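Participant: Okay, sequence plus prediction incoming.
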There are 2 protein chains.
Amino acid sequence: MPMTCRTGLHDRHDVYAAQCPCRDVLDMLANKWSALVVGALEDGPQRFGALQRRLEGVSPKVLTQTLRRLEDYGFVDRTIYPAVPLHVEYALTDLGRGVAGPLGLLRSWVESHLDEIHAVRG
Amino acid sequence: MPMTCRTGLHDRHDVYAAQCPCRDVLDMLANKWSALVVGALEDGPQRFGALQRRLEGVSPKVLTQTLRRLEDYGFVDRTIYPAVPLHVEYALTDLGRGVAGPLGLLRSWVESHLDEIHAVRG
DNA sequence: CGGTATCCTGTGCGATACTG
DNA sequence: CAGTATCGCACAGGATACCG
């Protein structure tokens, strides 16, 4: 169980350290759709189609990629209900609910400061 | 001055709307280095070389790209002090200090939950 | 010191068509 | 319904060398 990022120099993790696994996590979240998917799932478990409609413009391929990645890192759970037609639900894990906080703050900061940003850019 | 994202349906912006400029801002922040640069500049104005050392593993080209993009969106100011050798400083704008909050929370959430994430992934 | 220039690779992302 | 298959482009990102 890794406790440090750079062979005993730190007790805690450091995203600024090249070798710290933190980087992978941050990189994983740093893409066009992850923050939006996590935010959408805060409303409760969602089906693939619902997510696709919510995240306007996302293609099925990319949505699948994003969900799989979030699943790999333990942020999202995928549950299959055997039925016809097929029923699959995506839900946040505890970890997912945890990261949803910071991500939500970021999303709402952007929304509430867009006019200001727009003004600066001309 | 744009107040809505989708022709009058909302009074505020919505990152889930495909056409909302919010998306651009979120996308701009969603890359490998932006959050790290903003965080590094929270300590005060920094020179190019200092940033490069702080962000372990970043190449000069990519650091320049990241800084220019942040400058374009009004998060970072670039100041040249005419001297030999050349002296250039990067600093957060008010907007930059604003977004530094949410970004910092995200960084520290990742750092403090890495062990948990690592445990889930096996 | 603070970058540019150049080249290269990977892959994120998108569109579309198709399938169990 | 919930994806997969395939194709293609654009660009992020990295390595290295060089310049004012």
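Facilitator: Received, thanks. Residues are numbered from 1 along each chain as shown, chains lettered A, B, ... in the order given.
Participant: for residue A:101, helix, strand, or coil?
Facilitator: Three-state call for residue A:101 (DSSP: H, G, I helix; E, B strand; the rest coil): helix.
Participant: In contact with it: list those residues for me.
Facilitator: B:105, B:109 (Cβ atoms under 8 Å, 6 or more residues apart in numbering or on different chains). Bear in mind the C-beta positions are built from the backbone N, C-alpha and C, glycine included.
Participant: I'd like to know how far it sits from DNA strand C.
Facilitator: 22 Å (Cβ to the nearest atom of the strand, to the nearest Å).
Participant: ditto for residue A:49
Facilitator: In terms of Cβ to the nearest atom of the strand, residue A:49 sits 12 Å off from DNA strand C.
Participant: Now do the SS call for that residue.
Facilitator: At residue A:49 the chain is in helix, as set by three-state DSSP.
Participant: For it, grab the count of nearby residues.
Facilitator: Using other Cβ atoms under 10 Å in any protein chain shown, residue A:49 is surrounded by 11 other residues.
Participant: what does residue A:63 give?
Facilitator: Residues lying near residue A:63 (other Cβ under 10 Å) number 18.
Participant: out of everything not next to it in sequence, what's closest to it?
Facilitator: residue A:52 (5.7 Å; Cβ to Cβ, 6 or more residues apart in numbering or on different chains).
Participant: What score does the residue nearest to the spatial centre of chain A have for pLDDT?
Facilitator: The geometric centre of chain A, computed from its C-alpha atoms, lies nearest to residue A:34 (Cα atoms, centre = their mean), at 3.6 Å. Looking at residue A:34, its pLDDT stands at 98.
Participant: contacting residues for the residue nearest to residue A:63?
Facilitator: Neighbouring residues of residue A:52 by Cβ under 8 Å, 6+ apart: A:58, A:60, A:63.
Participant: Got phi/psi on it?
Facilitator: The phi and psi values for residue A:52, taken as degrees, to the nearest 10, are phi -60, psi -40.
Participant: For it, give its distance to DNA strand D.
Facilitator: Going from residue A:52 to DNA strand D by Cβ to the nearest atom of the strand gives 8 Å.
Participant: And for residue A:95?
Facilitator: Distance from residue A:95 to DNA strand D, by Cβ to the nearest atom of the strand: 20 Å.
Participant: How about the backbone phi and psi for the nearest residue in space to residue A:45 that is not next to it in sequence?
Facilitator: Distances taken as Cβ to Cβ, 6+ apart place residue A:91 nearest to residue A:45, at 3.9 Å, with adjacent residues excluded. With angles defined as degrees, to the nearest 10, residue A:91 sits at phi -140, psi 150.
Participant: Check residue A:80 too.
Facilitator: phi -100, psi 120.
Participant: thinking again about what came up before, tell me which of the contacts of residue A:52 fall in helices.
Facilitator: Assignment to helices by DSSP state H places the following of the contacts of residue A:52 there: A:60, A:63.
Participant: wait, which of the contacts of residue A:52 is closest to chain B?
Facilitator: Checking those against chain B by Cβ to the nearest Cβ gives residue A:58 as the nearest, at 9.0 Å.
Participant: Tell me the secondary structure at residue A:17.
Facilitator: Residue A:17 is classified as coil under three-state DSSP.
Participant: should've said residue A:85
Facilitator: With three-state DSSP as the basis, residue A:85 sits in coil.
Participant: same check, this time on residue A:110
Facilitator: The three-state label given to residue A:110 by three-state DSSP is helix.
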